[in-house]
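**Student:** Here is the input, now give the coordinates:
(chains A and B)
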Amino acid sequence: DQQVKQNSPSLSVQEGRISILNCDYTNSMFDYFLWYKKYPAEGPTFLISISSIKDKNEDGRFTVFLNKSAKHLSLHIVPSQPGDSAVYFCAAKGYGQNFVFGPGTRLSVLP
Amino acid sequence: EAGVTQFPSHSVIEKGQTVTLRCDPISGHDNLYWYRRVMGKEIKFLLHFVKESKQDESGMPNNRFLAERTGGTYSTLKVQPAELEDSGVYFCASSQEVRVVTEAFFGQGTRLTVV
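**Tutor:** Reported below is the predicted structural model:
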């Protein structure tokens, strides 16, 4: 039973355009959500997070939106760059609990 | 400041042998997690330490896996005896939560291949 879902295994976007990665969760006890980026042969790297008391968090080209009623969050990357090509993992947790990861979405930014 | 380090980066062992993976978390981080990624799929939780205590070990696949965290510092994950299905990339992560949730920082992973 997957508590964190990323229904798009892959996504291709043209350089300079917006990339939108989606994530859905089922556990209403989650109150903290994160996005990690992973390059081949490396560990996941923290990108951006959002607490359940917020609906938007922005950091440079990266913005995460949270819709608690729909149990949905999304990561927007604007503008997309070729170096953004990686696997993006959505993760969720409650205080004191472990991080639960989604299956990942492979983003390819085409020059 | 050093990040999370894992050793070895790669390990190839035969079925039935024993392997021990090591993780050094970021200094001062009480929370230490072990995760595994098999066949390039999702990152699955194995175990969570808070200092030297096992907070949650519900993700450990079976009793062939043994994790320890000596003195609340580094951690080891031993697989004995290893089976073919244990192959994958084992990640360690650490975090420090003081009243608020924070992100976890991951090591580069140990790629385990059981042949």
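**Student:** who's B:Ala93 bridged to?
**Tutor:** Here B:Ala93 shows beta-bridge partners B:Tyr33, B:Phe106, assigned using DSSP bridges.
**Student:** so how far is A:His76 from it?
**Tutor:** To A:His76, B:Ala93 is 25 Å away according to C-beta to C-beta, to the nearest Å. Where C-beta positions appear, they are placed from N, C-alpha and C, glycine not excepted.
**Student:** Looking at those two, which one has more neighbours?
**Tutor:** B:Ala93 (27 against 16; other C-beta atoms under 10 Å in any protein chain shown).
**Student:** hang on, that one packs against B:Tyr33?
**Tutor:** Yes - proximity of B:Ala93 to B:Tyr33 meets the contact threshold set by C-beta atoms under 8 Å, at 4.5 Å.
**Student:** Go ahead and flag the most central residue of chain B.
**Tutor:** With the centre of chain B defined as its mean C-alpha position, the nearest residue by C-alpha atoms, centre = their mean is B:Trp34, 3.1 Å away.
**Student:** who's in contact with that one?
**Tutor:** B:23, B:45-48, B:67, B:75, B:77, B:90-92 (C-beta atoms under 8 Å, 6 or more residues apart in numbering or on different chains).
**Student:** near chain A too, which of those residues?
**Tutor:** For chain A, the contacts drawn from these by C-beta under 8 Å from any C-beta of the partner chain are B:45, B:48, B:91.
**Student:** wait, the last one sits on A:Glu42?
**Tutor:** Spelled out, it's B:Phe91. No - B:Phe91 sits out of contact with A:Glu42 when judged by C-beta under 8 Å, with a separation of 10.2 Å.
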